[in-house]
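A.B. asks: Provided below are the primary sequence and the corresponding predicted coordinates.
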Amino acid sequence: MMTAVSGPPAELHDALAAVLDGFRPAELTRSVQRLIRRYREGTPPGDVILDSELDAAAYAGYRMPATFAAASAALRQVAAAMPGFAPRTQVDVGGGTGAAVWAAARVWPSLERVTVLEQARHAIALGERLARRSASPAVRAARWTRTVIRTEVVKPAADLVTMAYVLGELPAEALPGVVRSVAADAGLVVLIEPGTPAGYARIAAARELLIAQGLSVVAPCPHDRPCAIPPGRDWCHFSARLGRSALHRRLKGGELGFEDEKFSYVAVSPRRWSPAAGRVVRHPITRKGLVALQVCTGEGLVQENVTKRQGERYRQAREAAWGDEWPPRPHSTATIRRNVT
């Protein structure tokens, strides 16, 4: 099975290209390298790292396509588990230049009012500039508010609250208060972190806090029970493949025309929806007449071997991808990789 390669929508691609054309490629590359170094050195989260127009543009060019891809993939999986959910309001916490807002509007065109909370004023200015190029009226009219996240988040009530790649920038002791406050007065909360052991550990900790708060898991887990993955031995994450433009390849310092963005996420709601019966949590292994699937279920992790003699189930297994619901719902085509558009 071939893996689909996709990228941000045309209007976001064009908006990013217009912004980046205002800077010399060498300037953007140096800024990206500086930002990477500052993040790896553990710059205190309270410091505003994106402290210039150049840094904000470099960050958007370097990270926004991948963040959009991860958020789109996660939100499409969530939407599959919430038939009939049509959010009208969204709050994006620590929204940067707005990738999760663009992604949500693609998944739920019902959005009417969007609020982005962000601390870096140059990221806000750039996010607003990019948003004006969106095809979504909600994104174009989004309200951007400068907010510093410390021990809790002050925000309006919303049908949908997103927070992508933020928990890792906070002190560990701030996580419980921030997570609980993010979930307050929300119809759906989606938290996304890098698909690394550390990123997954933050998602797992947040998941426990939210379940204890009385919320139910919508995705990716098919249950509200403790995670079946032994701590420290493995981690739950998914992948979204996106195409790279020539400038994106230069900023990334890579030669391939695509990249795989690994991410972990959890979505919870005060309402109990219809989670998947199971979730494929590794690349399926396909051999002649056999597909082996590692599936997270309500009973824990299981390996299901589907043979050609099983007919339609075998055909479905051959179409299954990492991150898919298993078995698929009737008429469901939602997958992590194939639907990032």
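C.D. replies: Arrived safely, thanks for sending.

A.B. asks: And R76, which helix or strand is it part of?
C.D. replies: Assigned by DSSP states H and E, R76 belongs to helix 53-80.

A.B. asks: next SSE after that helix?
C.D. replies: Per DSSP H and E, the first helix or strand lying C-terminal to helix 53-80 is strand 89-93.

A.B. asks: contacts for the next helix or strand after that next one?
C.D. replies: Using DSSP H and E, the helix or strand that follows strand 89-93 towards the C-terminus is helix 99-107. Applying C-beta atoms under 8 Å, 6 or more residues apart in numbering, the contact partners of helix 99-107 are 8-9, 12, 63-64, 67-68, 71-72, 75-76, 79, 87, 90, 92, 95, 111, 114, 116, 131, 134, 136, 138-139, 142, 160, 162, 164, 192, 341. Bear in mind the C-beta positions are built from the backbone N, C-alpha and C, glycine included.

A.B. asks: What is the least confident helix or strand in this structure?
C.D. replies: helix 246-252 (a mean of 65; mean pLDDT, DSSP states H and E).

A.B. asks: For the helix or strand following it, which strands pair with it and how are they oriented?
C.D. replies: Downstream of helix 246-252, the next assigned helix or strand under DSSP H and E is strand 258-269. Strand pairing for strand 258-269, determined by DSSP bridges: strand 189-194 (antiparallel), strand 216-219 (antiparallel), strand 238-243 (antiparallel).

A.B. asks: Pull out the buried residues from strand 258-269.
C.D. replies: Buried residues in strand 258-269, counted by 16 or more other C-beta atoms under 10 Å: E259, E261, K262, F263, S264, Y265, V266, A267, V268, S269.

A.B. asks: Lowest-confidence entry in those residues?
C.D. replies: Within the buried residues of strand 258-269, pLDDT reaches its minimum at E259, with 77.

A.B. asks: so who does I149 touch?
C.D. replies: Per C-beta under 8 Å, 6+ apart, neighbours of I149: V93, G94, L117, Q119, V166, L170, A174, V178.

A.B. asks: could those residues be laid out in a markdown table, adding distance to I36?
C.D. replies: Below are these laid out as a markdown table (distance: C-beta to C-beta, whole Å):
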| residue | distance to I36 |
| --- | --- |
| V93 | 23 |
| G94 | 19 |
| L117 | 24 |
| Q119 | 19 |
| V166 | 18 |
| L170 | 19 |
| A174 | 24 |
| V178 | 25 |
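
A.B. asks: Which ones among these map onto strands?
C.D. replies: Under the assignment DSSP state E, these contribute V93, L117 to strands.

A.B. asks: Could you work out the most separated pair of the contacts of I149?
C.D. replies: Pairwise distances among those were taken by C-beta to C-beta; the largest, 15.1 Å, belongs to L117 and A174.

A.B. asks: can I assume R202 sits in a strand?
C.D. replies: No - using DSSP: H, G, I helix; E, B strand; the rest coil, the assignment for R202 is helix, not a strand.

A.B. asks: The helix holding R76: which residues count as buried?
C.D. replies: For helix 53-80, a neighbour-count test (16+ other C-beta under 10 Å) marks 54-80 as buried.

A.B. asks: Same question for stretch 83-94.
C.D. replies: Neighbour count says stretch 83-94 has F85, P87, T89, Q90, V91, D92, V93, G94 buried, by 16+ other C-beta under 10 Å.

A.B. asks: sorry, back to before: including pLDDT, could the contacts of I149 go into a markdown table?
C.D. replies: Compiled in a markdown table, the contacts of I149 are given as follows (pLDDT from 0 to 100):
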| residue | pLDDT |
| --- | --- |
| V93 | 98 |
| G94 | 95 |
| L117 | 98 |
| Q119 | 92 |
| V166 | 94 |
| L170 | 91 |
| A174 | 95 |
| V178 | 97 |
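
A.B. asks: Of the contacts of I149, keep whichever come out buried.
C.D. replies: Neighbour counting by 16+ other C-beta under 10 Å classes V93, G94, L117, Q119, V166, L170, A174, V178 among the contacts of I149 as buried.

A.B. asks: Show me where this structure dips below the pLDDT cut-off.
C.D. replies: For the chain, the stretches flagged by pLDDT under 70 are 1-7, 41-48, 244-258, 331-341.

A.B. asks: Need the residue closest to the centroid of this structure.
C.D. replies: A centroid search over the chain (C-alpha atoms, centre = their mean) returns A71, at 2.8 Å, as the residue closest to the centre.

A.B. asks: now that one, nearest residue through space, not along the chain?
C.D. replies: In space, and not counting its chain neighbours, A71 is closest to A103: 3.7 Å by C-beta to C-beta, 6 or more residues apart in numbering.

A.B. asks: What of V161?
C.D. replies: Nearest one to V161, counting by C-beta to C-beta, 6+ apart, is A186 at 4.2 Å.
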